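Participant: predicted model and sequence below, questions to follow.
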Amino acid sequence: MKKTIRNTLIVIACLFLVMIFTGSLYTVPLNQYAAVRQFGRIVKIESEPGLKWKVPFIQNVQLISKSLKLYDVPLSDVITRDKKSMIADNYVLWHVSDPTKYIRTLEASDLRAEERIEAAVYNAQKNVISSMSQDEIIEARGERLTQLLTDEANSDIGDYGIEVVTAEIKSLDLPDDNKEAVYARMISERDNIAASYKAQGESEAQKIRNETDKNVVVMKADAQKQAEILEAEGEAEYMKILQEAYNTEEKADFYNFIRSLDAFKKSLSGRNNTIILDKDSELASLLYQK
């Protein structure tokens, strides 16, 4: 009987020791924090994965994810500096940066964290977009605007132990009742730009035509001048040749005789073959062989 009681006590003691041993061990999974709490108070944060020790029955462990989380922020209406209304559609990537603050302020609730993020992103959009005109916002879209929103949002949520990695604008659109008016204005502005480019092109084309016409007139005048010079030089050369050819009285008489024959021939061309001559004319002398 005593032996049976002793064996039972040994078994109970072994089970108790096993319970104490297993209650002292816990595992920190990859990509998670482990907050060790004692009577509700945080006494230690484990961030490295692996097997860890704690005080059994007194301490317990709360696991918190380190991973990035995606939150799709509801649509919000914002006003630009030039009083233009726009509809912003955002998403946010965020994670827990300080598990101690995250537990104390938000009770490690992702839902409460996203409520704070939504308010912070809305305030960031309001502050950033209200300081810029619509044209400046369109020009800044991309990395610059994302960085401005991210920095502004983080300035509001730093005390909650969470961090916005990026606050990205999916779309930044106009309200439906403003779209037609804005589109009409944009079309009108681009028509004006196109008309301005066309007018500039026509002005440049006219300048080119005027310059070309001027060059053509100058070239024609130069060509005419050169032709007249060549013609005058030809006439001078012709007269020089004649002068050299008929530089004696006999040559001059022969030249006049040839000229008289040419004139007589021309006067008898066509149907008009009647000619009246003075008896003292060179032609009459030729016919009468005087």
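Facilitator: Right, received. Where do you want to start?
Participant: tell me, how many neighbours does residue 168 end up with?
Facilitator: 17 (other CB atoms under 10 Å). Using the backbone N, CA and C atoms, a C-beta is placed for each residue, glycine as well.
Participant: strand partners (parallel or antiparallel) of the helix or strand containing it?
Facilitator: Assessed by DSSP states H and E, residue 168 sits inside strand 162-173. If you go by DSSP bridges, strand 162-173 pairs up with strand 85-96 (antiparallel).
Participant: tell me the first helix or strand C-terminal of the partner strand.
Facilitator: Per DSSP H and E, the helix or strand that comes after strand 85-96 is helix 99-106.
Participant: how far does that following helix sit from its chain's centre?
Facilitator: Its chain's C-alpha centre and that of helix 99-106 lie 44 Å apart, by CA atoms, centre = their mean, to the nearest Å.
Participant: now do the buried residues in that helix.
Facilitator: Neighbour counts over helix 99-106 (16 or more other CB atoms under 10 Å) mark 99, 102, 103, 105, 106 as buried.
Participant: helices along this structure, start to end?
Facilitator: 2-23, 99-106, 110-130, 134-140, 143-157, 176-245, 249-267, 282-288 (DSSP state H).
Participant: ok now the fourth one, how far from the chain's centre?
Facilitator: The chain centroid and the centroid of helix 134-140 are separated by 12 Å, computed with CA atoms, centre = their mean.
Participant: just the CA atoms of it, as PDB, please.
Facilitator: Extracted in PDB, the C-alpha atoms of helix 134-140 (Å, rounded to 0.1, in the frame of the first residue of the first chain):
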ATOM      1  CA  GLN A 134      -4.500  71.400 -59.200                       C
ATOM      2  CA  ASP A 135      -1.700  71.700 -61.900                       C
ATOM      3  CA  GLU A 136       1.000  71.300 -59.200                       C
ATOM      4  CA  ILE A 137      -0.700  68.200 -57.900                       C
ATOM      5  CA  ILE A 138      -0.900  66.600 -61.400                       C
ATOM      6  CA  GLU A 139       2.800  67.500 -61.900                       C
ATOM      7  CA  ALA A 140       3.800  66.000 -58.500                       C
END
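Participant: what mean pLDDT does that helix get?
Facilitator: For helix 134-140, mean pLDDT is 79.
Participant: what's that helix in contact with?
Facilitator: Where contact means CB atoms under 8 Å, 6 or more residues apart in numbering, the residues beyond helix 134-140 that reach it are 80, 81, 82, 84, 86, 129, 132, 145, 148, 172.
Participant: go on, the fifth one?
Facilitator: Contact partners of helix 143-157, identified using CB under 8 Å, 6+ apart, comprise 90, 92, 116-117, 119-121, 123-125, 127-128, 137, 140, 163-169.
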